[in-house]
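Got a predicted structure here, sequence first:
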Amino acid sequence: RYDAGRDGFIDLMELKLMMEKLGAPQTHLGLKNMIKEVDEDLDSKLSFREFLLIFRKAAAGELQEDSGLHALARLSEIDVSTEGVKGAKSFFEAKAQAMTEASRFEEEIRAEQEEKKKQAEELKQRKAAFKELQSAFAQ
């Protein structure tokens with residue numbers, strides 16, 4: 001909805017527009033900090049995965065009360081008395097979809113961590129083998 005460039009990412013200006021339309025405008029520095037807090041690939045824009053991370057952190061209580069990300073997460077909540085049951089239904093369907101995406105995201109993170117551990121162990125073994133060969137030549 002707010003991805004004006006249609007590139008699959010929310011950049012600084014798109015985030016600025018989104019926060020203004022949601023009624024929680026932020027300073028330029030505040031917007032940069034919002035992106036920085038969840039920008040895992042350090043590309044200075046939000047991917048869908050990073051966007052979902054905002055809500056995961058909010059649910060875990062990891063966002064500061066006065067942060068722009070906390071305001072964004074709070075703005076995504078729904079009031080059934082004003083939206084009605086149909087609004088709540090679509091909201092919860094979207095949240096269920098987001099949770100499914102988040103669990104896939106967590107699985108990917110675990111797989112990446114396991115791969116890093118495996119690579120570190122292989123490096124350790126190679127270094128030990130090299131030292132063993134080196135000691136053979138030293139004698």
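Looks like it came in fine.

Leaving out sequence neighbours, find the closest residue to residue 51.
residue 10 (6.6 Å; C-beta to C-beta, 6 or more residues apart in numbering). Quick note: C-beta positions are derived from backbone N, CA and C, even for glycine.

actually residue 72, sorry about that
Leaving aside its sequence neighbours, residue 72 sits nearest to residue 54 (C-beta to C-beta, 6+ apart; 6.1 Å).

Now the element after the helix or strand encompassing the one you found, going C-ward?
In this structure, residue 54 sits in helix 48-59 according to DSSP states H and E. Downstream of helix 48-59, the first helix or strand assigned by DSSP H and E is helix 68-75.

And that next one, what does it pack against?
helix 12-21, helix 28-38, helix 48-59 (3 or more C-beta pairs under 8 Å, 6 or more residues apart in numbering; DSSP states H and E).

any idea how far that helix is from the chain center?
14 Å (C-alpha atoms, centre = their mean, to the nearest Å).

export it as PDB, just CAs?
What follows is helix 68-75, C-alpha atoms only, in PDB (Å, rounded to 0.1, in the frame of the first residue of the first chain):
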ATOM      1  CA  GLY A  68       8.400   5.400  16.100                       C
ATOM      2  CA  LEU A  69       8.300   1.600  15.700                       C
ATOM      3  CA  HIS A  70       6.200   1.300  18.900                       C
ATOM      4  CA  ALA A  71       3.800   3.900  17.500                       C
ATOM      5  CA  LEU A  72       3.600   2.000  14.200                       C
ATOM      6  CA  ALA A  73       2.800  -1.300  15.900                       C
ATOM      7  CA  ARG A  74       0.200   0.400  18.100                       C
ATOM      8  CA  LEU A  75      -1.400   2.000  15.100                       C
END
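
Poorly predicted segments of the chain, please.
When residues are selected by pLDDT under 70, those of the chain lie in 66, 74-96, 98-105, 139.
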